[in-house]
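coords below, sequence missing:
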């Protein structure tokens, strides 16, 4: 089974621009979560989608948004980029159906975003 | 507020030495507990998990972790470290919020292994 695929692996953008990151979950996984990873901050939860619905959201400004398609693929968008948005963005999928916390997350290798 | 604390940002051990990485959580009940490992340029890989039952759980790559309810801890251990274990390790909990589960991660412990 193919793992979680994130594209692109690297992105360089300028302040004020917007960016879209893509995530393809493991086949059969319907839950997709996004995390921002920065040195010293660990992983900060952005949002989680299940069956095209946002089920949970972290404490990020409205510039961060996401969506999930009917095939479970997900995208996240960041508008009006700021220098502080530079980070590794990780996507994780899970097979869970009913929101059980017993299904571990399966992570992609991330998209490294650099904002200059 | 719910949180996960990994008090050691960096740990250095010699190859062949034993290892213990600390993790404490703050939550009103017993959460589901996980340890993940991240190698450079990679995503996170699950090492082991605890849901209930035996408080000593075995994982991949020779790792084990012990859940101690009284200390709200879930420390990761390995009897003999290999150079390939150099990586960053994250402790995480899954807690229920608004009717669904949410994962909270610690800030990570970076392990360096000396030859």
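Looks like it came in fine. This structure is a prediction, so every number in the text was calculated from the model and none was measured.

from residue B:36, how far off is the nearest residue to residue A:113 once chain neighbours are set aside?
Spatial nearest neighbour of residue A:113, chain neighbours left out: residue A:11 (4.9 Å); criterion: Cβ to Cβ, 6 or more residues apart in numbering or on different chains. (Each C-beta comes from the backbone N, C-alpha and C, glycine too.) Residue A:11 is 24 Å from residue B:36, where distance means Cβ to Cβ, to the nearest Å.

what's the answer for residue B:4, then?
Distance from residue B:4 to residue B:36, counting by Cβ to Cβ: 12 Å.

near chain A, which residues of chain B show up?
B:9, B:31-32, B:34, B:36, B:41-46, B:49, B:51, B:90, B:94-108 (Cβ under 8 Å from any Cβ of the partner chain).

okay, and the nearest residue to residue B:50 once chain neighbours are set aside sits in which element?
Nearest residue to residue B:50, sequence neighbours excluded (Cβ to Cβ, 6+ apart): residue B:33, at 4.3 Å. Counting by DSSP states H and E, the element that carries residue B:33 is strand B:32-38.

chain center to that strand: distance?
5 Å (Cα atoms, centre = their mean, to the nearest Å).

toward the C-terminus, what is the element adjacent to that strand?
Downstream of strand B:32-38, the first helix or strand assigned by DSSP H and E is strand B:44-50.

which residues touch residue B:14?
Taking Cβ atoms under 8 Å, 6 or more residues apart in numbering or on different chains, we find residue B:14 in contact with B:81, B:113, B:114, B:115.

if we use 6 Å, what do you get?
Contact partners of residue B:14, counting by Cβ atoms under 6 Å, 6 or more residues apart in numbering or on different chains, are residue B:114.

and it, how far from residue B:77?
Between residue B:14 and residue B:77 the computed distance is 16 Å (Cβ to Cβ).

in the chain, which spans are strands?
Just going to use chain A. Along chain A, the stretches classed as strands by DSSP state E are A:5-7, A:10-13, A:19-24, A:31-38, A:42-50, A:53-57, A:64-68, A:74-78, A:87-94, A:106-107, A:111-115.

oops, chain B please
For chain B, the strands defined by DSSP E cover B:3-5, B:10-14, B:19-21, B:24-26, B:32-38, B:44-50, B:56-58, B:64-68, B:73-78, B:87-97, B:100-105, B:109-114.
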